[in-house]
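[1] Structure, please.
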Amino acid sequence: MIDTGEGKPEWLKLLKDTLDSENATLDKVIVTHWHPDHIGGVKDVVTLSPKPIVYKSQINEVQGLEDIKDGQKFEVEGATIRAFHCPGHTQDHMALILEQEDAMFTGDNVLGHGTGVFEDLPTYLESLEKMSHQVKGRGYPGHGAVIEDCKARIIEYVEHRKMREKEVIEVLRGTEGEGLGPMEFVKIIYQDVPENLRLPAARGVVQILEKLVGEGKVYHNEEANTWTLNRKAVL
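    Below you'll find the predicted structure:
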């Protein structure tokens, strides 16, 4: 089984009922990353009998879990899954490749609706690039509908991030050296975004700006928390 949900009581009941109806037991559980909506049910699955082994990358202080290595394989009759470390959404994030289908369980790096969030943009983009070369079939995301063409969706994600980066640079081009704060970018780029989503949008803008700072294209005034364009670097 991949991921364990939030740990809601009805989920454990459904899992037990399903195992009983299939006359099956759960041998291994693989957690794609540490977020509560993926790891929350671990405390419940370990109460099953027989007790399954729970795997997660970079286990750190989490007791009772087994580490996952990049490339590690998990096999049951008719299915082989290969772990693929692809940090970005989180640093411990693992995708899982279903070899028989040439398909990928994408975790939260690639979703079945909308776009993903990430802890580190350059790392995320690097992982997306690597993921795009792994499979030619479907994507099974942690949230949303099945993705019929996983590679195409990943390329869409990369292009979307490039578009947002271009928009940030264009906003800075339109200023006369005046520094802008995160919410000023949001008001221009995300005009149609509801008010309650503007703070998450601002965090995404900051990550784009941090990437551009690292590339020497943008200056960050840390005291004022504003950004200006290095026009020589983006000519």
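[2] So which residues of this protein form strands?
    Assigned by DSSP state E, the chain shows strands spanning 28-31, 53-56, 73-76, 79-85, 94-98, 103-107, 139-141, 218-221, 226-229.
[3] where in the protein is pLDDT low?
    60-63, 235 (pLDDT under 70).
[4] longest helix in it, by residue count?
    helix 150-173 (DSSP state H).
[5] thinking again about what came up before, compare the strands of the chain and give me the one nearest Glu156.
    The closest of those to Glu156 is strand 139-141. By Cβ to Cβ, the value is 11.3 Å. (C-beta placed from N, C-alpha, C; glycine too.)
[6] Name the nearest residue to the most centrally placed residue in the chain, ignoring sequence neighbours.
    Centroid check for the chain by Cα atoms, centre = their mean gives Asn109 as the closest residue, at 2.7 Å. Leaving aside its sequence neighbours, Asn109 sits nearest to His89 (Cβ to Cβ, 6 or more residues apart in numbering; 4.9 Å).
[7] Got the phi and psi for the one you found?
    Main-chain dihedrals, His89, degrees, to the nearest 10: phi -60, psi -50.
[8] Just give me the neighbour total for it.
    As a burial measure, His89 scores 25 neighbours (other Cβ atoms under 10 Å).
[9] ok, now how distant is it from Thr47?
    Computed as Cβ to Cβ, to the nearest Å, the His89 to Thr47 distance reads 28 Å.
[10] before we move on, back to that, can I get the longest helix of the chain in CSV? Just the C-alpha atoms.
    What follows is helix 150-173, C-alpha atoms only, in CSV (Å, rounded to 0.1, in the frame of the first residue of the first chain):
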residue,chain,number,x,y,z
CYS,A,150,2.5,11.3,-17.0
LYS,A,151,5.4,12.6,-19.1
ALA,A,152,3.2,15.2,-20.8
ARG,A,153,1.8,16.5,-17.5
ILE,A,154,5.3,16.8,-16.0
ILE,A,155,6.4,18.9,-19.0
GLU,A,156,3.3,21.0,-18.5
TYR,A,157,4.5,21.6,-14.9
VAL,A,158,8.0,22.6,-16.0
GLU,A,159,6.5,25.0,-18.6
HIS,A,160,4.1,26.5,-16.0
ARG,A,161,7.0,27.2,-13.6
LYS,A,162,9.0,28.9,-16.5
MET,A,163,5.9,31.0,-17.3
ARG,A,164,5.6,32.2,-13.7
GLU,A,165,9.3,33.0,-13.6
LYS,A,166,9.0,35.0,-16.8
GLU,A,167,6.0,36.9,-15.3
VAL,A,168,8.0,37.8,-12.2
ILE,A,169,10.9,39.2,-14.3
GLU,A,170,8.4,41.1,-16.5
VAL,A,171,6.8,42.7,-13.4
LEU,A,172,10.3,43.8,-12.2
ARG,A,173,11.1,45.1,-15.7
